[in-house]
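Undergrad: Any chance you can model this:
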Amino acid sequence: MNFLKRFFSKESRQPRVNIKQRFELIGRVGQGSMSKVWRARDLNSGRTVALKVLHKQKTEELEARFVGLDKPKEGDIAVQFQHPHIVKTFEHGLTTDGEQFLVMEFIEGYSLSFLVEAQNEDMRTNCLKYMIQLGEAIQYFHTENWIHRDICPRNIMVDNEQQLKLIDFGLVVPNTPPFLQPGNRTGTAAYMAPELIKRQKTSQKIDIFSYAVTCYEMLTKRLPWKAAETMEAVLQHINSPPKPIQELLPGINPILADAIMKGLELYPQDRWQTIDEMLAPFKEVYQSQKTAVSQQKTETTISSTPSPTSTVPGKKRAKQKSDPSSKRPRSSQKSGKTPEQHLRRRKQKPPMEGTSESPESQPQPGCSSAKEQPAARKNKSSRPKPGNPDESH
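TA: Down below sits the predicted model:
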């Protein structure tokens with residue numbers, strides 16, 4: 001009977017693809033416990049893609065956990081998603097060896113796990129933005145009535161345009177009663193919600209818990225509890241409270257800190273009830289930061305703009321009357337001539353014919369031009385004796 005079901009199933013009618021003929025495999029770019037990923041060139045379309053091939057035996061073991069539930073395959077789920085922060089899947093199918101494969105957009109960038117470890121300038125500057133982008137991807141999942149079940153940095157990429165992408169859907173299940181029942185414990189141990197670890201009834205709140213753990217790690221480079229690689233180690237500490245994020249980041253915005261810590265609550269009823277609720281304070285803090293930066297830039301621009309020179313009433317008019325080419329210091333512009341010098345000036349002869357000077361062109365007291373200053377210095381050094389004004393010529 002099972003043979004007949006497989007024979008008439010959709011999978012048996014699906015054409016097989018020889019991926020070695022269909023794709024030029026450029027290089028391996030990733031490998032997990034369940035799959036291998038190549039950077040490849042699709043010879044049908046000519047575009048560069050990420051070719052993901054699922055491990056046949058391990059995929060069958062995973063699907064066996066949902067026996068009788070008709071769990072959708074990863075490819076069937078992935079091709080439905082249309083969101084800027086979820087990797088796009090172009091097609092999926094079966095290889096000639098019976099392995100499931102997915103043809104996805106190739107992302108030029110870095111794994112979020114690398115950025116968490118590096119804590120470089122990109123991460124310090126854009127961490128909150130990435131947290132919001134991830135939250136919006138989860139929000140889309142939940143709106144479409146799915147549960148991701150494996151939110152963690154290794155399943156997330158950030159491209160060169162600073163856009164976060166959720167890239168793995170191997171454990172995604174419908175948000176329907178048959179898939180929420182106790183017993184199925186799948187995911188990444190350190191990010192799994194307590195009710196999932198304890199094999200209790202689940203809900204979309206397990207994604208909220210995993211999201212809170214991921215945000216905590218993005219900000220602090222560590223987990224809320226001591227890292228645990230095995231399920232037994234996780235079971236030992238899930239009943240202890242997480243280390244408050246404020247102890248690791250004393251300067252963190254309290255709204256942001258409270259939002260993350262609420263997402264880490266042990267009991268689902270004490271957590272945020274929807275991802276929308278958890279996203280709201282993140283966006284509030286992000287918007288306030290943007291506003292503060294904008295105001296700071298505006299204030300900097302205003303302070304760097306030179307202000308008009310203030311003048312005392314009457315001074316501007318006096319300056320306009322003066323010769324603008326005057327370079328003489330203010331102290332030299334005061335008349336300090338003796339009565340004998342005034343007398344000598346009155347007795348000076350008019351300029352000889354052919355000279356360029358005229359009474360009108362001679363500088364007034366306190367308004368000597370720059371060209372005339374050397375002559376003035378020369379006259380001063382050869383000043384005539386009193387009573388002989390004509391010797392100056």
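Undergrad: For Tyr110, give me phi and psi.
TA: Main-chain dihedrals, Tyr110, degrees, to the nearest 10: phi -130, psi 150.
Undergrad: measure it to Met104 for me?
TA: Tyr110 sits 17 Å away from Met104, going by C-beta to C-beta, to the nearest Å. The way it works is simple: take the backbone N, C-alpha and C, and place the C-beta from them, glycine included.
Undergrad: For those two, work out which one has more neighbours and name it.
TA: Remark: of Tyr110 and Met104, Met104 carries more neighbours, 22 against 17, as counted by other C-beta atoms under 10 Å.
Undergrad: Beta-bridge partners for the nearest residue to the more buried one once chain neighbours are set aside, please?
TA: Among residues not flanking Met104 along the chain, Ala50 sits closest, at 4.5 Å (C-beta to C-beta, 6 or more residues apart in numbering). According to DSSP bridges, the partner residues bridging Ala50 are Arg39, Met104.
Undergrad: ok, Ala50 - contacts?
TA: Contact analysis of Ala50 by C-beta atoms under 8 Å, 6 or more residues apart in numbering lists Val29, Val37, Trp38, Arg39, Ala40, Val87, Val103, Met104, Glu105, Phe106, Ile107.
Undergrad: which residues does the third one contact?
TA: With C-beta under 8 Å, 6+ apart as the criterion, the residues that contact Trp38 are Phe23, Leu25, Ile26, Gly27, Arg28, Val29, Ala50, Leu51, Val53.
Undergrad: Try it again at 10 Å.
TA: Neighbouring residues of Trp38 by C-beta atoms under 10 Å, 6 or more residues apart in numbering: 19, 23-31, 49-53, 106.
Undergrad: Give me the longest helix you can find in this protein.
TA: Looking across the chain with DSSP state H, the single longest helix is helix 275-304.
Undergrad: low pLDDT regions in the stretch 151-300 of the chain?
TA: Across the stretch 151-300 of the chain, the ranges flagged by pLDDT under 70 are 229, 236-237, 299.
Undergrad: Against Leu51, how distant is Thr202?
TA: As judged by C-beta to C-beta, Thr202 and Leu51 stand 32 Å apart.
Undergrad: cool, and Gln31?
TA: Distance from Gln31 to Leu51, by C-beta to C-beta: 13 Å.
Undergrad: Need the overlap of contacts for those two.
TA: Shared contacts of Gln31 and Leu51 (C-beta under 10 Å, 6+ apart): Val37, Trp38.
Undergrad: quick one: which of those two has more around it?
TA: Neighbours were counted for Gln31 and for Leu51 using other C-beta under 10 Å; Leu51 has more, 23 against 11.
Undergrad: Spell out which residues sit in contact with that one, please.
TA: Contacts of Leu51 (C-beta under 10 Å, 6+ apart): 19, 22-26, 29, 36-42, 101-104, 106.
Undergrad: Repeat that for Ile260.
TA: 131, 211-216, 218-220, 224, 242, 244-245, 252, 278, 281-282.
Undergrad: try it again with 8 Å
TA: Ile260 neighbours (C-beta under 8 Å, 6+ apart): Ala212, Cys215, Tyr216, Leu219, Ile245.
Undergrad: for Glu195, same thing?
TA: Lys201, Thr202, Lys205, Ile206, Pro268.
Undergrad: would a markdown table of these with secondary structure, distance to Lys73 and neighbour count be doable?
TA: Shown next, in a markdown table, are the contacts of Glu195 (DSSP: H, G, I helix; E, B strand; the rest coil; distance: C-beta to C-beta, whole Å; neighbours: other C-beta atoms under 10 Å):
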| residue | secondary structure | distance to Lys73 | neighbour count |
| --- | --- | --- | --- |
| Lys201 | coil | 25 | 13 |
| Thr202 | coil | 21 | 23 |
| Lys205 | helix | 25 | 23 |
| Ile206 | helix | 21 | 25 |
| Pro268 | helix | 28 | 20 |
